[in-house]
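Trainee: no sequence on this one, just coordinates:
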């Protein structure tokens, strides 16, 4: 006999929640809205929203969140049906802790409620805007860092700025409507080096193209601090939803399961009141960039390598890759011998211990973090996660054979029809089509490398040294002929494709 379905999580059923589940200190309807978030999704709800929730729990009820979905309305509908409530279950192995979150006081769907989103941006009661719109959401050419006016949404907004579709267009139009005496802060929480500076530069470039007076207005009105965020939050599945229901005793269509670890480093550069996130453990610093570089290279860089190797090997999760007898040690060596050594850690920061902690987090089988999810949008991620480290190693004359192997694996992944187990590879990267066409048109590994490195949108100036070209071509040839085993086998000094000595 099947068990009865638990009641749906909402305000009226909150008293039925399991005793072990932590309840919100305040209900969404009891909060004032002072925090706007663009990019409603899993990461925001398991990260920034929890820091704001902790501030609210301390008695400051000014910071209810108005969370905006920029694409899919499903999550907005789910949260509205639950009065804004949802649960987060933190899990490592068999250890778990669940809480019900009440920080999201309002949800909006930008495509169907554009005026409501613009009204929220112009509201002087809202003084801080956070963003998790992914790297591709900024309308940036990854290699040049400039505004991509060929992006369909950016092109539309430049023609019709009063009815925007893009993140930059929505921000610019909302700020155009905002009073000059109502400053606010725009806090990017996406995985980009100098994300606040990037947002400011692109937003001003966009505004300048629309109206120079608008650019001056935004420049005077808004601060754009940098930030670095860290927490592994896999996409929700029916399995994680069932796990959450068992943990909280209620059906939660917006449930999340994530790791216990969380970090937020924020540049202390605000022009208006903000939640006291430092009381919840955020670190406010003068300069976030060393922390950003550390995380982008060590966590995100190794994650991308895990993703592409895992996809080619037919391994669906990060933990599967880490448990593999060949790939797990390879990832550990990439982390400590190449990614960590490519950067200068902040003073007093133990980068070796940080790397070990990352590897331990990657091994967590409870997360079911999908390699396919991490592998998406590589044309946006590879430039910021790998290429800076690779250029630094090349400039210093240091070998980086694993980074080069990872790069070869990504290029092969872009055109390979199936993984090592015969399953079709399903790629998600809207920016990859021109690069894929160039790779498929190339008749030899050498021609593939030449075509890839000439693709300036990803690789920047085509000034890559001949030795790298030769090693990448040899790696592609080994991969095509012998699979991952041949790619990852260390090459003897002097062998074709081996790194230089020293």
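Mentor: Looks like it arrived, so ask away. All values derive from a computational prediction rather than experimental measurement.
Trainee: care to break this protein down by domain?
Mentor: If you go by automatic domain parsing, the domain ranges for the chain are 11-287, 290-488.
Trainee: Tell me the gap between the first one and the middle of its chain.
Mentor: Which is domain 11-287. 13 Å (Cα atoms, centre = their mean, to the nearest Å).
Trainee: now swap in the shortest one and tell me
Mentor: Using Cα atoms, centre = their mean, we find the averaged C-alpha position of domain 290-488 to lie 16 Å away from the chain's own average C-alpha position.
Trainee: hey, where'd the strands end up in the stretch 251-400 of the chain?
Mentor: Ranges of strands in the stretch 251-400 of the chain, per DSSP state E, counting those that start in this stretch, are 256-258, 263-267, 283-285.
Trainee: So which of these is nearest residue 347?
Mentor: Residue 347 sits nearest to strand 283-285 of all these, at 11.3 Å, using Cβ to Cβ. For glycine as for every other residue, the C-beta is placed from the backbone atoms N, C-alpha and C.
Trainee: I'd like the average pLDDT over the closest one.
Mentor: For strand 283-285, the mean pLDDT works out to 95.
Trainee: Buried ones in that strand, by neighbour count?
Mentor: Across strand 283-285, burial judged by 16 or more other Cβ atoms under 10 Å covers 284, 285.
Trainee: before we move on, what about stretch 365-372?
Mentor: Residues 365, 366, 367, 368, 369, 370, 371, 372 are the ones in stretch 365-372 that count as buried (16+ other Cβ under 10 Å).
Trainee: Tell me which residues are up against that stretch.
Mentor: 91-94, 96, 232, 234-235, 237, 239-240, 257-259, 306-308, 310-311, 315-321, 323, 426, 428 (Cβ atoms under 8 Å, 6 or more residues apart in numbering).
Trainee: looking at it, residue 299 is touching residue 230, isn't it?
Mentor: Yes - counting by Cβ atoms under 8 Å, residue 299 does reach residue 230; the two are 6.5 Å apart.
Trainee: Can you pick out the residue with more neighbours from the two?
Mentor: Ranked by neighbour count (other Cβ atoms under 10 Å), residue 299 and residue 230 place residue 299 first, with 23 against 19.
Trainee: nearest residue to the more buried one other than its sequence neighbours?
Mentor: Excluding its sequence neighbours, the residue lying closest to residue 299 (Cβ to Cβ, 6 or more residues apart in numbering) is residue 358, at 5.5 Å.
Trainee: how many other residues sit next to the one you found?
Mentor: Neighbours around residue 358, by other Cβ under 10 Å: 22.
Trainee: so what's it up against?
Mentor: Residue 358 neighbours (Cβ under 8 Å, 6+ apart): 298, 299, 302, 335.
Trainee: For those residues, work out which two are farthest apart.
Mentor: 299 and 335 (9.2 Å).
Trainee: which stretches of this structure have low pLDDT?
Mentor: Low-confidence segments of the chain (pLDDT under 70): 1-4, 490-502.
Trainee: And the strands in it, which stretches?
Mentor: 33-38, 64-69, 86-92, 95-101, 104-109, 128-131, 184-188, 222-223, 227-230, 256-258, 263-267, 283-285 (DSSP state E).
Trainee: The fourth one: which residues count as buried?
Mentor: Of the residues in strand 95-101, those buried by neighbour count under the rule 16+ other Cβ under 10 Å are 96, 98, 99, 100, 101.
Trainee: which one among the residues you listed gets closest to residue 174?
Mentor: Closest approach between the buried residues of strand 95-101 and residue 174, by Cβ to Cβ: residue 101, at 25.7 Å.
Trainee: List the contacts of that closest one.
Mentor: By Cβ under 8 Å, 6+ apart, residue 101 lies in contact with 24, 45, 49, 50, 53, 85, 86, 87, 88.
Trainee: is it true that residue 259 touches residue 93?
Mentor: No - judged on Cβ under 8 Å, residue 259 makes no contact with residue 93 at a distance of 10.6 Å.
Trainee: any common contacting residues for the two?
Mentor: residue 364.
Trainee: and those two? which has more neighbours close in?
Mentor: Higher neighbour count among residue 259 and residue 93: residue 259, with 20 against 9, using other Cβ under 10 Å.
Trainee: Leaving out sequence neighbours, find the closest residue to the more buried one.
Mentor: Nearest to residue 259 is residue 232, by Cβ to Cβ, 6+ apart, at 4.7 Å.
Trainee: dump the residue contacts of the one you found.
Mentor: 258, 259, 261, 361, 364, 367, 369.
Trainee: out of those residues, who's nearest residue 10?
Mentor: Among the contacts of residue 232, and counting by Cβ to Cβ, the member closest to residue 10 is residue 258, at 22.3 Å.
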